[in-house]
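Visitor: return a 3D structure for these sequence lines:
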Amino acid sequence: MKRRWFPARVALAAASAAALAAVTLSPQQADASPASPGVPARAPAAAPGAVEASDASLARTLTAALGGAAAGSYYDSTLGRLVVDITDGKAARIVRAAGAAPRVVDNSKAELDSAHAALDSRITTPGTAWATDPRLNKVVLTADPTVSAADLSRIEDTARSLGSAVVVKRSPTKLTRFIAGGDGIWGTQFRCSLGFNVKRAGKPDGFLTAGHCGQAESTWRATNGGPVIARTEAWTFPGRDYAIAAYPATGAVDHPSAVNPGLKPVTGVGTATVGQAISRSGSSTGLKTGTVTALNATVNYKEGQVTGLIETSACAEAGDSGGPLYAGSLALGLLSGGSGNCTVPMPAPRTYFQPVQEALSAYGATIP
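Guide: Purely as a prediction, here's the structure:
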């Protein structure tokens with residue numbers, strides 16, 4: 001798999017210079033009832049298919065309340081509510097009382113987490129990625145076309161040793177990272193996309209982008225060959241995939257807390273939920289939508305392993321790297337990589353995002 005540099009659009013200037021830097025990797029039924037003590041009932045969604053921030057909060061609350069009986073959760077747009085996987089049918093009453101739908105499954109969270117950790121430590125083959133899919137109640141490991149038959153055989157042997165918790169799939173498209181020309185944020189050699197503008201106490205404002213972008217470039221421009229607008233201050237990659245670039249203390253270009261197209265305001269930070277409707281933006285492909293398909297995903301690039309990623313069904317292409325993932329006015333992540341493209345619908349694209357909260361915490365930054 002390769003890392004893909006995808007651009008996403010965040011405004012650098014309110015009127016004209018809109019440059020987003022996004023880098024991506026490309027591998028190629030229950031009715032609500034009064035809440036039980038300690039578990040708040042979820043209010044109905046304001047609009048069909050919309051996932052409110054309360055879903056993520058409810059998922060965390062139920063996981064804590066159910067202990068070992070909880071095995072994951074996801075938002076079901078057909079039901080219009082959170083579905084909670086459980087291994088003990090007795091826990092169904094608590095789930096229903098909180099306004100969510102229970103589903104009895106075979107693999108416990110402990111079994112899935114153990115299988116995920118085993119893959120993290122035992123498989124480093126470039127072109128592979130995995131994440132726990134609560135809808136399948138399994139860890140889904142994907143191998144792209146660059147994975148040899150011999151390597152795939154060894155991977156399948158490892159998966160079998162972990163029992164029913166892991167399933168292996170072949171991806172027909174390559175997991176990749178690459179850089180392309182176009183608008184976005186420009187370095188001396190590569191283009192990325194700006195993720196989110198941020199503020200820091202006692203320091204100049206800055207913007208977040210992908211770590212592999214910050215690793216590759218020390219200065220950024222709003223146009224190819226134009227004046228420098230920001231300088232890379234810090235980056236982390238592999239392991240995680242985030243970077244921060246600082247605007248000058250004086251004379252900085254306008255940098256509102258918004259994403260393009262449309263200068264849509266970004267007012268805070270959210271936590272992704274499987275099944276949640278999301279949007280992503282990049283300098284190569286503009287605005288694209290999809291859903292969160294998995295959390296805590298692991299991807300093996302040729303540069304090394306990156307963990308803790310958000311997996312989505314939104315497409316992206318070269319130059320979108322570092323761009324923003326968001327839901328409504330809440331920031332969720334920064335594009336790291338993926339597979340597929342935005343031109344051919346099949347095979348379905350898969351993209352991976354660095355959760356933005358971790359980057360904010362690392363740099364002492366806030367949105368807005």
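
Visitor: any weak-confidence spans in the chain?
Guide: 1-53, 176-183 (pLDDT under 70).

Visitor: quick one: the helices in it?
Guide: 53-66, 92-97, 109-122, 149-161, 211-216, 356-363 (DSSP state H).

Visitor: for the last one, C-alpha coordinates in CSV please.
Guide: Spelled out, that is helix 356-363. Taking Å, rounded to 0.1, in the frame of the first residue of the first chain, the C-alpha atoms of helix 356-363 are listed here in CSV:
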residue,chain,number,x,y,z
VAL,A,356,-8.1,15.6,15.1
GLN,A,357,-8.4,15.6,18.9
GLU,A,358,-5.0,13.8,19.3
ALA,A,359,-3.3,16.4,17.2
LEU,A,360,-4.9,19.3,19.1
SER,A,361,-3.8,17.8,22.4
ALA,A,362,-0.2,17.2,21.1
TYR,A,363,0.1,20.9,20.1
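
Visitor: out of the helices of the chain, the one nearest Asp320 is which?
Guide: helix 211-216 (10.9 Å; CB to CB). C-beta coordinates here come from the backbone N, C-alpha and C atoms, glycine included.

Visitor: so how far is the longest strand along the chain from its chain's centroid?
Guide: The strand that spans the most residues within the chain, counting by DSSP state E, is strand 286-301. A distance of 5 Å separates the centroid of the chain from that of strand 286-301, by CA atoms, centre = their mean, to the nearest Å.

Visitor: give me the sheet partners of it and which way each runs.
Guide: According to DSSP bridges, strand 286-301 forms sheet pairs with strand 128-133 (antiparallel), strand 277-282 (antiparallel), strand 304-312 (antiparallel).

Visitor: just the ones you listed: most buried one?
Guide: Per residue and on average, the most neighbours among the strands paired with strand 286-301 fall to strand 277-282, with a mean of 28 (mean count of other CB atoms under 10 Å).

Visitor: would you mind writing the CA trace of that strand as PDB?
Guide: Extracted C-alpha coordinates of strand 277-282, given in PDB (Å, rounded to 0.1, in the frame of the first residue of the first chain):
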ATOM      1  CA  ALA A 277     -22.600  10.600   8.000                       C
ATOM      2  CA  ILE A 278     -19.400  12.700   7.300                       C
ATOM      3  CA  SER A 279     -17.900  15.100   4.800                       C
ATOM      4  CA  ARG A 280     -14.300  15.500   3.700                       C
ATOM      5  CA  SER A 281     -12.800  18.200   1.500                       C
ATOM      6  CA  GLY A 282      -9.600  18.400  -0.500                       C
END
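
Visitor: how far is that strand from where the chain is centred?
Guide: 10 Å.

Visitor: also stretch 67-86?
Guide: 19 Å.

Visitor: if you count neighbours, what's buried in that stretch?
Guide: Residues of stretch 67-86 classed as buried by neighbour count (16 or more other CB atoms under 10 Å): 69-76, 81-86.

Visitor: need the contact list for Phe353.
Guide: By CB atoms under 8 Å, 6 or more residues apart in numbering, the contact list for Phe353 reads 280, 309-312, 325, 332-336.

Visitor: run the last query once more with 6 Å
Guide: Phe353 makes contacts with 310, 325, 333, 335, as judged by CB atoms under 6 Å, 6 or more residues apart in numbering.

Visitor: farthest pair within those residues?
Guide: Within these, Ile310 and Leu335 form the most distant pair, 10.0 Å apart (CB to CB).

Visitor: returning to what we had before: closest to Thr250 out of the buried residues of stretch 67-86?
Guide: Tyr75 (44.8 Å).

Visitor: what bridges to the closest one?
Guide: Leu82.

Visitor: do you know how far the nearest residue to Ser284 once chain neighbours are set aside is from Ala249?
Guide: Spatially, and ignoring its direct neighbours in sequence, Ser284 is nearest to Gly319 (3.6 Å; CB to CB, 6 or more residues apart in numbering). According to CB to CB, to the nearest Å, Gly319 and Ala249 sit 29 Å apart.

Visitor: same question, Thr61
Guide: In terms of CB to CB, Thr61 sits 43 Å off from Ala249.

Visitor: and the longest strand of the chain, which residues are buried?
Guide: The neighbour-count check on strand 286-301 (16+ other CB under 10 Å) flags 286-288, 290-301 as buried.

Visitor: Val147: which of those is nearest?
Guide: For those, the nearest to Val147 is Asn300 (9.6 Å; CB to CB).

Visitor: isn't the closest one up against Trp130?
Guide: No - using CB atoms under 6 Å, Asn300 is not in contact with Trp130; the gap is 9.1 Å.
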